[in-house]
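Participant: Here's my sequence, what's the structure:
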Amino acid sequence: TTTTTTTTQAATAINRLACSDQLTDLVLVLDASSSVGLDNWQLMVQFAQALLTSVDYGVDGVQAALVVYSTEAVVEYNFRTGSSLSRAVSLLARARYQEESTATANALSVVTDQLLRNPDSGAREDAAKAVIIITDGQTLDPELLPAAVLQLHSVANRVVSVGVDGAVRSELELISGEPKHVFYLSTFADMATRVEAIASDAVCNAAIDDGTLELVCVDNMFVNTTTPCECADAACERCLFSAAGETCATCASSLLRLDATCVSECPAGFEQADGACNSLVMPFVADVAFVMDISTSVGADGFESQLSFFQQLAGLLPVAEEEVRLAALTYSDRVEELFDFDASFDRARLQSLIGQAQWHGGDSRLATGIVEAGRRFFAVSDVSEAIRSGRRDDVRGALVILADSPSQDMSEDINVASRSLMKRGVDVFAVSVGDGEYQLRQLQEAASQPSEFYVVQTGSFTGLLEPEFVLDLARRIAAGTANRTTTTTTTVAPTTEAEVETTEEVVTTEQVTTIVDTTPEAAETTDVVVETTEEQVVSTEQATTQGAVETTASLDTTTEMITEVPTTTTLATTSSSASTINIASTKAPTTTTSTSTSTSTSTSISTSTFTSTSTSTSSSTSTSESTTVSGGEGPSGSGDVVITIVPSSSTSSST
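Facilitator: Now for the predicted structure:
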């Protein structure tokens, strides 16, 4: 009790830092190894208490968490439990002196994983992240230190190292990233004179640091340190380490750089430029998830080919924290997650994780695989039970599903699962292996539209490994997810009394999913813009769920302009009185409007889920408005968007 009172009184004598009202989450990391000694441990605690008292502590300023370490690292309190100054100072006084070894790398990993990356720690999303570590010795785990430091700097804006007596200066510089954030003191008693300087360095303007760090390895030593390192490829003379992984900066003479390795020639899908091999896939930003088939029909050899295919595909995509993030799972009659979007931003590491998948056999349950991919990887972030997978809310998603046989799931269930993902801003690509027509049709219905762009087929698992096949799919993913936007305009035609006589609307699954492929925000409001009377009941959701609903009707709407589908195709609804829709990717569109008059007669037969059959015949004279959007070039070339919806006056009779 006496110690707590004395240190608190000493702490209050420190002047408040003028800059400490900046929103900062601060982690104190204290070395409690045997070399410190109990007396010096108490001086370290007093220093930490004085430092917290010197800043503007609270929800609108600095909040702190405490990690004490020796052989093991313990979170003594997090940002939530130490939310008030009195509570933080009190918990500091109770921190246990461990008196064991100095495992600094492990302590830094605990800071990263349990505090800065843990949403339950009380860390604030809009606060700068700062770390102060105090140690007096060399780390017990130097081989783990670089990786731990890189991961820490991927989430911390600033890391300040305080070394006392026997601390290794090169390790301190490695931990902080820059010598200017290192304080080296002769004794623990000297800390009392450096409270303001250390607090100021950690807290003031910490937010201006972007938190990135890159370590340079030359001649098996990190530059400006005494910490050993080793490039992945012996032919690499100078390699760079960052939180995203390792890259080779300089290869031996006549060799080319390919990520962390050196090669004599570029592999398929890459081109040589400036001494490096660069992917032929254009840069883009997306969260891409792989859904891999491990059912019995795949077979052991087919499974190995599938792994190689997805590894090659991952190798062609621009994987990086701010570009493409990857996730993957396997499915049969059970689902196993391989990794999520936060697992790694290193292509070589992700390829290795894909290679660890196991073939189990079992039934093919594609709907289950898609549902689980949505739940695990693309859950809506503001839902309380959503799984935190590293999914970014502000970028497009893509799902790549592979199947070699028809799924045992109902096609309706598969379609409902995939449509749910599309409403969340996820493009669904499908890879069909084999020549089965029913299987291909299942995938065409499940994929985004037009299926000619989003579905690729090969006759065998061997065909998966053709370089051009892999490159083609990679380019489709890039083109399909890049710069997709939706613009919607609506014009309402006059309603006549005759139109009230009509009963149903021609809406097919293909029409809905092609026209309405929107961002998550717009998904709930842009399915189809329809004005109805009491007798004109139109449900586009039902049309999507149950398949094509083929009937005739007048529509009380005219146009919807879409600028996002990345290929040119022509789709027609099943009624001859309905519109023909030409859709193409556009850039900088221009709009023209035309008016036409047409007369048509159609007969359609619709079979419901209860197997009842109805026949209707209608004739109509209608005036339609069409909107033409002319634009730039998409993956399949240039084209126009022409969408015509025909409001008609008609009489009908049915049996």
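
Participant: Bridged to the closest residue in space to Leu85 that isn't next to it in sequence, which residues?
Facilitator: Setting aside the residues directly before and after it, Leu85 is nearest to Tyr57 in space (Cβ to Cβ, 6 or more residues apart in numbering), at 4.1 Å. Every residue, glycine included, has its C-beta placed from N, CA and C. Bridge pairing for Tyr57 (DSSP bridges) gives the partners Val62.

Participant: Tyr57 against Ser86, yeah?
Facilitator: No - judged on Cβ atoms under 8 Å, Tyr57 makes no contact with Ser86 at a distance of 9.3 Å.

Participant: Between the two, which is the more surrounded one?
Facilitator: Taking other Cβ atoms under 10 Å, Tyr57 and Ser86 do not tie; Tyr57 has more neighbours (22 against 9).

Participant: Against Asp201, how distant is the more buried one?
Facilitator: Using Cβ to Cβ, to the nearest Å, one gets 17 Å for the distance from Tyr57 to Asp201.

Participant: again with Val159
Facilitator: From Val159 over to Asp201 (counting by Cβ to Cβ), the distance is 10 Å.

Participant: any idea which helix is longest in this protein?
Facilitator: Determined from DSSP state H, the single longest helix within the chain is helix 299-316.

Participant: what packs against it?
Facilitator: strand 286-293, helix 347-355, strand 396-403, helix 461-464, helix 467-481 (3 or more Cβ pairs under 8 Å, 6 or more residues apart in numbering; DSSP states H and E).

Participant: which residues sit against that helix?
Facilitator: Helix 299-316 is contacted from outside by 269-270, 279-281, 290, 292-294, 298, 326, 328, 347, 350-351, 354-355, 357, 359, 400, 402, 404, 433, 461-462, 464-465, 467, 470-471, 473-474, using Cβ atoms under 8 Å, 6 or more residues apart in numbering.

Participant: Gly82 sits in which helix or strand?
Facilitator: Under DSSP states H and E, no helix or strand contains Gly82.

Participant: Name all residues that make contact with Tyr331.
Facilitator: By Cβ under 8 Å, 6+ apart, the contact list for Tyr331 reads Val291, Met292, Asp293, Ile294, Ser295, Ser364, Arg365, Leu366, Thr368, Gly369, Glu372.

Participant: Tell me how many other residues crowd the third one.
Facilitator: Other residues near Asp293 number 25, with proximity taken as other Cβ under 10 Å.

Participant: Tell me the spacing between the residue nearest to Leu85 and Ala95.
Facilitator: Counting by Cβ to Cβ - Tyr57 and Ala95 are separated by 17 Å.

Participant: Now do the contacts for the residue nearest to Ser407 when sequence neighbours are not counted.
Facilitator: Spatial nearest neighbour of Ser407, chain neighbours left out: Leu366 (3.8 Å); criterion: Cβ to Cβ, 6+ apart. By Cβ under 8 Å, 6+ apart, Leu366 lies in contact with Asp293, Tyr331, Ile401, Ala403, Ser407, Asp409, Ile414, Gln442, Ala446.

Participant: List the beta-bridge partners for the first one.
Facilitator: Think Asp293. Tyr331.
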